[in-house]
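Q: Sequence and predicted structure are below.
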Amino acid sequence: MFFLKTLKALKAHGVMGINRRNADYVLKYNKRHLYPVVDDKILTKERAIAAGIHVPELYGIIETEKDFDKFDSIVDKHKDFVIKPAQGAGGDGIIVIADRYEGMFKTVSGKIISRDEIGHHISSILSGLYSLGGHRDRVIIEYRVTPDPIFKSISYEGVPDIRIIVLMGYPVMAMVRLPTRQSSGKANLHQGAIGVGVDLATGITLKGTWLNKKISKHPDTANPVDGVQLPDWDGFMALAASCYELSGLGYIGVDLVLDQDQGPLILELNARPGLNIQIANDAGLTHRCHAVERHLAALKKTGHEPETPEQRVAYAQKHFSQPRSIKPEDPPASPESSNSENPA
Amino acid sequence: MQSLNLHLKILIFILVSLGLLITGYQIVVLDIPVKEDETDDIWSLDAKFEFQASSGVPIKAQMFIPPLNQDYISLNESFISNNYGVSINQVQSNRRVTWSARRASGTQTLYYRLVLTKRYSTAPTVAPPPPARQPIVLDGPEQVAADALISPIRQHSADIETFISETIRRVNDITDDNVKLLLGGSASALDKARVIDVLLSNARIPLELVHTIRLESTANQEPELWLRSHNGERWLYYHPETGQQGIPDNRLIWWTGSQPLFNLEGGRQGRVSFTINNSEMNALRLAKMTTENRASALLEYSLYGLPLHAQHVYQVMIMIPVGVLVILILRNLIGIQTLGTFTPVLIALAFRETQVGWGIVLFTLITALGLSLRSYLEHLKLQMLPRLSIVLTFVVLVIAAISLFSHKLGIERALSVSLFPMVILTMTIERLSITWEERGGSHSFKVALGTLVAATLAHLLMTIPELTYFVFTFPAILLVLVGFMLAMGRYRGYRLTELMRFKALTQQG
């Protein structure tokens, strides 16, 4: 009875399945008319800027084929930049230019491409090749994030990003997505990137998942992925929590990056975040989501004002802490934060 | 949330019970057969009444016809006669038809036809028990003979039932002098019945003569005489010559009493001959015919009320929810990935044209060719609409080529591919190639395989003839499906594939 056993074990772990995610969270907390805010990265960016939240600087937008004439003036002052579709998903259609070479452009992987090739790529984006519904799209040209050197040892090319699941403004789970050779520098799990869980309280990485398997070492660098302290973790948490006010969506995945110079930045929001984050954290989402829902219900009952982002972060860090397996040199975990997934 | 769940539960309950109730009503009350190939016996009874008309005299021909309140119900009753007036009247417990004409000459032939079936009959009305009777008074020697017979019968019997059996046994013993005397020389069944009647009347036991027709395919059948008596609770049937008790199932009562079958005025050499025919009829058509006689309009307003060509379309259409249900289960319960939501159903419909085996071969072939073309076009950097148009045209050409080849090879089956919906194939190719680009070859192969599996399953289910018949005849069953779909709409459990996906989480460490 493999299935029954697995089923019971998954239930006990509080692992969330797609059906539950859709029925209890995405459908319940995410109002359809708010989707454009997260599906269109330009809208997300505008909202974020208006709210004073850090995002990669927008260099320019190309809306029509004719607009391509503006391309040169947009990138004129910048040596490196990113071209991406405003409504793309899963990192498709993104070109990262790292340098110039003899009037041509050089991508991060060292490939030289001409202005015409970029023109064609932009035209494909505009025709909707990478957009969700296949309809016309816009092109964003923005600041190229320089990954913080902290990731050097556990990442292969590309820019690692940090995904935090936020329920009603409360961060519930986080992971770092590390590009691998297999994912050709992209930070997408289904393309072969690694997901590494992050302890919400401390920002220290846990073990990870790679292609639905548990791992503890990066396949390319062979360095352990756990035990890495992410810098400015509270900054990440605060940014993620504030995305609730920004988008109005109750259940989102917030993708952030850590820029060498600018610190944590919001890359994009996702209204249907994936579930592999559970494998990365070796923990189920359901218990944590229920805890947040109970907490909200209790607040409502006692007539409390909705909590501020700071209070929400504090709540999440207090209740959803998940220190990595204790090693001798680790300081003893405070009793308050030790694995209290199910506060009474 | 809780109220929504209750709301949903009530809704599901209402839909499912409504669907089941309507279907149950159709099956139990309307007796609509559950399987298409159910047939029922139909009996067609022809009574041919021939006689010679006497010239110059008005003709009045009367004949008993069966009562319509028996185990069988009549589908059709007709009186075929040229230039005769027809009227039906009730004579005691019998029905009688009267043909009348002012004048006629030569041989006259009148027909009575009754079409019967056993199914769908309501509970038969039982003839009321006869009133108590007075003894038939006989002349001197006959009364003595009767008394001589009755006293031993009385001794050898315990109740009405055994009394009648004993009487029949004795009357059939024609070596007995008393019996000989009472029969008066002739020993036909009718005479014996008369003697039995006399004897029983002396014991004040009611008796009725019953003229029956055997429901067997026969020509020139004679009505068979049976006797029946009432023991205060129910009718007891006896054969007047063998004494056999209990009437066989296939006997149909034509008339009761001692009167002859027909009565003719203004004619001579009257003769009635019976021809019984048996045929089988599709139970559903029968149900339609019999319900027309009744007040139920439900079947009349069913899909069978549509013109035939529309029925054919609906027979396909009404199965689409079943196909959709397959996709729903495969996707939400099992977790198979398919291309789009309902593309598999469309492909399943397309399989109708080609049959599954060919459908799969053609689908795979055309999709593979289309994908290779699509990947070549990718190098040319075309815009989306022109690219789609090219793929569509290519698909048409491939289909034409396949048809031509297969025709030359003598495989006519592949010709049907011409109706294989091309737009579905084109969109399939386009979406598959996008999936290929975005998620890689193995993923798109997985999706294509999932689509094909889902389409095949849906097709197989949608084309089960019994199921098609059932859903078409009892469309209310779709309400039950909707109930299930509603429940699935709030299903939060795991998908089967997720058990594999999250397996790592169940391991320790």
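A: Structure received.

Q: Please parse chain A into its domains.
A: Domain ranges of chain A: A:9-38+A:148-337, A:57-142, per automatic domain parsing.

Q: Export those domains as TSV, with columns for distance to B:Thr463 and mean neighbour count.
A: Backbone N, C-alpha and C define where each C-beta goes, glycine included. Below are the domains of chain A laid out as TSV (distance: least, CB to CB, whole Å; neighbours: other CB atoms under 10 Å in any protein chain shown):
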stretch	distance to B:Thr463	mean neighbour count
domain A:9-38+A:148-337	29	19
domain A:57-142	33	17
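
Q: Select, out of the ones you listed, the one closest to B:Ser81.
A: Closest to B:Ser81 of the domains of chain A is domain A:9-38+A:148-337 (CB to CB; 73.2 Å).

Q: hang on, the earlier thing: how about TSV for the domains of chain A, with mean pLDDT added?
A: Shown next, in TSV, are the domains of chain A (pLDDT from 0 to 100):
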stretch	mean pLDDT
domain A:9-38+A:148-337	84
domain A:57-142	86
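
Q: hang on, B:Thr175 is in a strand, isn't it?
A: No - applying DSSP: H, G, I helix; E, B strand; the rest coil, one finds B:Thr175 to be coil, outside a strand.

Q: quick one: it from B:Leu183, how far?
A: 12 Å (CB to CB, to the nearest Å).

Q: Between those two, which has more neighbouring residues?
A: B:Leu183 (17 against 6; other CB atoms under 10 Å in any protein chain shown).

Q: Ok, which of the domains of chain A comes nearest B:Thr109?
A: Closest approach to B:Thr109 among those (CB to CB): domain A:9-38+A:148-337, 76.2 Å.

Q: Wait, a helix at B:Asn278?
A: No - judged by three-state DSSP, B:Asn278 forms no part of a helix; its state is strand.

Q: ok, now which ones touch it?
A: The contact partners of B:Asn278, taken as CB atoms under 8 Å, 6 or more residues apart in numbering or on different chains, are B:41-44, B:215-217.

Q: Distance check, A:Trp233 against A:Leu239.
A: 11 Å.

Q: do A:Val55 as well
A: 10 Å.

Q: shared neighbours of those two, anything?
A: Listed as contacting both A:Val55 and A:Leu239 by CB under 8 Å, 6+ apart are A:Ile266.

Q: all strands of the chain, in order?
A: You didn't say which chain, so I picked chain A. A:58-62, A:81-85, A:95-101, A:104-107, A:112-113, A:139-142, A:161-167, A:170-178, A:194-198, A:205-210, A:213-215, A:251-259, A:263-270 (DSSP state E).

Q: let's do chain B instead
A: B:39-53, B:59-65, B:73-80, B:85-91, B:94-101, B:106-117, B:208-214, B:218-221, B:224-230, B:235-238, B:251-256, B:262-265, B:267-282.

Q: Using TSV, please lay out the ones you listed together with mean pLDDT.
A: Below are these laid out as TSV (pLDDT from 0 to 100):
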stretch	mean pLDDT
strand B:39-53	80
strand B:59-65	86
strand B:73-80	77
strand B:85-91	84
strand B:94-101	86
strand B:106-117	82
strand B:208-214	84
strand B:218-221	76
strand B:224-230	82
strand B:235-238	82
strand B:251-256	82
strand B:262-265	84
strand B:267-282	78
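
Q: With distance to A:Ser183 as extra columns, can I get these in TSV?
A: What follows is those, written out as TSV (distance: least, CB to CB, whole Å):
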stretch	distance to A:Ser183
strand B:39-53	66
strand B:59-65	90
strand B:73-80	75
strand B:85-91	91
strand B:94-101	91
strand B:106-117	73
strand B:208-214	86
strand B:218-221	86
strand B:224-230	92
strand B:235-238	90
strand B:251-256	84
strand B:262-265	99
strand B:267-282	64
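
Q: Near chain B, which residues of chain A are found?
A: Proximity of chain A to chain B, by CB under 8 Å from any CB of the partner chain, involves residues A:3, A:5-7, A:9-10, A:13, A:15, A:17-20, A:23-24, A:28, A:90, A:92, A:120, A:123-124, A:127-129, A:134, A:190-191, A:209, A:212-214, A:275, A:278-279, A:282, A:284.

Q: can we see that at 7 Å?
A: A:3, A:6-7, A:9-10, A:13, A:15, A:17-20, A:23-24, A:90, A:92, A:120, A:127-129, A:190, A:209, A:212-214, A:278-279, A:282 (CB under 7 Å from any CB of the partner chain).

Q: So which of those residues sit within helices?
A: A:3, A:6-7, A:9-10, A:13, A:18-20, A:120, A:278-279 (DSSP state H).
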